[in-house]
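Chemist: Fold the following, please.
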Amino acid sequence: MTAPRQTSRPVRRELRLARPAWHTAMAPDRLPWALGRLLDGATICWHADPPASFGPQMRGYRLVLADPEGGTLTAEREAADFSARERLAAQALVRVVRMRRALARPRPARPLALPRGERLLLHPATVAEQDAVATLLPREHQADRGRLNLLLSPRLGRGVLATTADGHAVGWAALIWDGPGAEIMLLVTGTWAKRRLGDALLRELTGIALSAGLRDMWVHTTCDDASVGDAVFRVFRHVDVDSDATGTTLTVLPDDALDEQTVMIPGTGISPRRWTAP
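Modeler: Have a look, this model is predicted:
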């Protein structure tokens with residue numbers, strides 16, 4: 001009987017890098033996951049601060065890498081320090097993502113039609129749109145660019161920005177990853193909230209959540225943003241409501257959104273409940 005062929009150690013090392021590299025090339029958002037696999041279960045964290053250099057650095061037991069999407073990725077583990085081979089392999093994965101980004105065509109804005117016929121443009125919301133999103137924030141929060149930069153990072157979630165034809169921002173919506181679910185962030189200017197832009201942006205987030213395989217989504221509301229709650233109840237069949245002294249949390253399932261053409265009829269089982277924020 002022929003003995004099973006043994007894979008040589010150099011070949012095993014190459015295969016160990018090839019699998020994460022393939023997943024990363026196909027889905028750049030999974031770079032942190034691929035790094036964790038490559039580095040024997042190391043804990044991968046993202047930081048908004050830019051790195052000191054593009055090459056891999058060691059700070060004590062922590063491996064520091066420049067994230068192609070902006071910010072810094074760090075890897076840490078208790079078992080042992082990272083070898084020179086592991087550091088080079090991790091940098092190779094980062095270069096795969098950087099090369100894919102350099103070759104990728106920018107995604108054009110998509111037209112968005114509202115129920116009353118108004119037309120807007122929908123863009124992916126990234127750190128590059130920080131100034132536009134900042135105009136939607138209350139004046140007292142516009143200076144907090146560090147937190148906004150964090151919310152717009154693709155490592156923490158995904159979002160969309162709605163603008164008029166002349167480039168004026170009128171709405172922003174995002175999902176901030178949190179385990180198997182995500183928190184909804186929704187900002188719409190007053191006049192456009194009345195035109196149901198919030199509903200359209202929630203439907204966009206629903207599509208993102210379904211493609212990402214999220215289990216549920218939730219949004220925290222207060223008496224100052226009752227229009228957000230109204231939009232949630234118009235878009236989803238079932239809404240779980242949890243209120244306390246700080247406000248109300250509305251939780252929904254991504255696959256529970258009503259069809260866009262559904263007509264709400266008061267008194268029927270699908271009519272959204274009215275609610276009052278504390």
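Chemist: measure stretch 34-50 end to end?
Modeler: 21 Å (CA to CA, to the nearest Å).
Chemist: what stretches of the stretch 51-200 of the chain score poorly on pLDDT?
Modeler: The stretch 51-200 of the chain contains residues with pLDDT under 70 at 54, 79, 101-107, 140-146.
Chemist: Which residue ranges of it form strands?
Modeler: 57-59, 62-66, 72-76, 110-113, 119-124, 157-163, 169-178, 181-188 (DSSP state E, counting those that start in this stretch).
Chemist: Buried residues in the third one, which are they?
Modeler: Just to be clear, that refers to strand 72-76. Neighbour-count burial for strand 72-76 flags 72-75 (criterion: 16 or more other CB atoms under 10 Å). C-betas here are computed from N, CA, C, even on glycine.
Chemist: Could you check how far the top helix by length along the chain is from the centre of its chain?
Modeler: Counting by DSSP state H, the longest helix found in the chain is helix 84-103. Helix 84-103 sits 22 Å away from the centroid of its parent chain (CA atoms, centre = their mean, to the nearest Å).
Chemist: report the angle between the axes of that helix and strand 72-76?
Modeler: With axes from the mean of the first three to the mean of the last three CA atoms, to 10 degrees defining the directions, helix 84-103 sits at 150 degrees from strand 72-76.
Chemist: packing partners for helix 84-103?
Modeler: Where contact means 3 or more CB pairs under 8 Å, 6 or more residues apart in numbering; DSSP states H and E, helix 84-103 is packed against helix 9-26, helix 31-38, strand 62-66.
Chemist: among the ones you listed, which gets the worst mean confidence?
Modeler: Mean pLDDT is lowest for helix 9-26 among these, at a mean of 56.
Chemist: Return the most buried member of the strands of the stretch 51-200 of the chain.
Modeler: Mean neighbour count (mean count of other CB atoms under 10 Å) peaks for strand 157-163 among those, with a mean of 24.
Chemist: picking up where we left off before, what would the strands of the stretch 51-200 of the chain look like in JSON lines with distance to residue 259?
Modeler: Formatted as JSON lines, the strands of the stretch 51-200 of the chain follow (distance: least, CB to CB, whole Å):
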{"stretch": "strand 57-59", "distance to residue 259": "51"}
{"stretch": "strand 62-66", "distance to residue 259": "44"}
{"stretch": "strand 72-76", "distance to residue 259": "40"}
{"stretch": "strand 110-113", "distance to residue 259": "16"}
{"stretch": "strand 119-124", "distance to residue 259": "19"}
{"stretch": "strand 157-163", "distance to residue 259": "20"}
{"stretch": "strand 169-178", "distance to residue 259": "19"}
{"stretch": "strand 181-188", "distance to residue 259": "20"}
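Chemist: Would you mind measuring the gap between the ends of stretch 129-138?
Modeler: With CA to CA as the measure, stretch 129-138 spans 17 Å from end to end.
Chemist: Now do it: distance to the chain's middle.
Modeler: 17 Å.
Chemist: Need the buried residues of strand 72-76 in a markdown table (columns: distance to residue 211).
Modeler: Converted to a markdown table, those look like this (distance: CB to CB, whole Å):
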| residue | distance to residue 211 |
| --- | --- |
| 72 | 27 |
| 73 | 23 |
| 74 | 28 |
| 75 | 27 |
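Chemist: so the longest helix of the chain versus helix 31-38, what angle?
Modeler: Between helix 84-103 and helix 31-38, the angle comes out at 160 degrees (the same axes, to 10 degrees).
Chemist: With only the CA atoms kept, save helix 84-103 in PDB.
Modeler: Extracted C-alpha coordinates of helix 84-103, given in PDB (Å, rounded to 0.1, in the frame of the first residue of the first chain):
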ATOM      1  CA  ALA A  84       9.700  37.800  10.800                       C
ATOM      2  CA  ARG A  85       7.900  35.400   8.400                       C
ATOM      3  CA  GLU A  86       4.500  36.200  10.000                       C
ATOM      4  CA  ARG A  87       5.100  39.900   9.800                       C
ATOM      5  CA  LEU A  88       6.000  39.700   6.100                       C
ATOM      6  CA  ALA A  89       2.900  37.500   5.400                       C
ATOM      7  CA  ALA A  90       0.600  40.000   7.200                       C
ATOM      8  CA  GLN A  91       2.100  42.800   5.200                       C
ATOM      9  CA  ALA A  92       1.500  40.800   2.000                       C
ATOM     10  CA  LEU A  93      -2.200  40.500   2.900                       C
ATOM     11  CA  VAL A  94      -2.400  44.300   3.400                       C
ATOM     12  CA  ARG A  95      -0.800  44.800   0.000                       C
ATOM     13  CA  VAL A  96      -3.400  42.500  -1.700                       C
ATOM     14  CA  VAL A  97      -6.200  44.800  -0.400                       C
ATOM     15  CA  ARG A  98      -4.200  48.000  -1.300                       C
ATOM     16  CA  MET A  99      -3.600  46.700  -4.800                       C
ATOM     17  CA  ARG A 100      -7.300  45.800  -5.200                       C
ATOM     18  CA  ARG A 101      -8.400  49.300  -4.100                       C
ATOM     19  CA  ALA A 102      -5.900  50.800  -6.600                       C
ATOM     20  CA  LEU A 103      -7.400  48.800  -9.500                       C
END
